[in-house]
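Colleague: pasting the structure only:
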């Protein structure tokens, strides 16, 4: 039984090394591109036209970012079996895996929050624009 468990651990390590390339690519993109683009959306413009342009640019970025999130989540899902192993040999890989998981979850959550914030801000500006036009027409 011990021998079988050890063989399974070695198989998981080999699988981790294959999946790690995907993790590294996703992680690199998040750090070098994704986070920088999310920081650009912190301060939204004051005009509806500029806000709509920002929303359009964010949607283009969102398509790419969502694909990286999906790829990262699929890679993490392939490694779900790691939860059953607790040996010292596997521990370092579990730590790496948790680091990737935390980074991906944090980025995907921030992406969702920014998507929602931009959408709600556009809706609010559109509402105020309609109210302003209604007031102007009434006068």
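Modeller: In hand now; what should we look at? Not measured: the values here are computed from a predicted model.

Colleague: Return the set of buried residues in the helix or strand harbouring residue 70.
Modeller: Residue 70 is located in helix 48-78, with elements delineated by DSSP states H and E. Neighbour counts using 16 or more other CB atoms under 10 Å place 48, 51, 54-55, 58, 61-62, 65, 68-69, 71-72, 75-76 of helix 48-78 among the buried residues. In short, each C-beta sits where N, CA and C put it, glycine included.

Colleague: Summarise which helices and strands it is packed against.
Modeller: helix 2-29, helix 88-138 (3 or more CB pairs under 8 Å, 6 or more residues apart in numbering; DSSP states H and E).

Colleague: Next SSE downstream of the shortest one?
Modeller: Translated: helix 2-29. helix 35-40.

Colleague: that older thread, for the buried residues of helix 48-78, which one is nearest residue 126?
Modeller: residue 48 (6.7 Å; CB to CB).

Colleague: Go ahead and confirm the closest one touches residue 125.
Modeller: Yes: under the criterion of CB atoms under 8 Å, residue 48 makes contact with residue 125 at 4.6 Å.

Colleague: Nearest the geometric middle of this protein, what residue?
Modeller: residue 108 (2.5 Å; CA atoms, centre = their mean).

Colleague: the bottom helix or strand of the chain by mean pLDDT?
Modeller: In the chain, the helix or strand scored least confidently by mean pLDDT, DSSP states H and E is helix 2-29, which has a mean of 85.

Colleague: From residue 28, how far off is residue 54?
Modeller: Distance of residue 54 to residue 28, given as CB to CB, to the nearest Å: 26 Å.

Colleague: check contacts around the residue lying closest to residue 35 once chain neighbours are set aside.
Modeller: Distances taken as CB to CB, 6 or more residues apart in numbering put residue 107 closest to residue 35, at 7.1 Å, once the chain neighbours are dropped. For residue 107, the contact set (CB atoms under 8 Å, 6 or more residues apart in numbering) comprises 30, 34, 35, 38, 65, 69.

Colleague: of those, closest to residue 96?
Modeller: Nearest to residue 96 among those is residue 30, at 15.2 Å by CB to CB.
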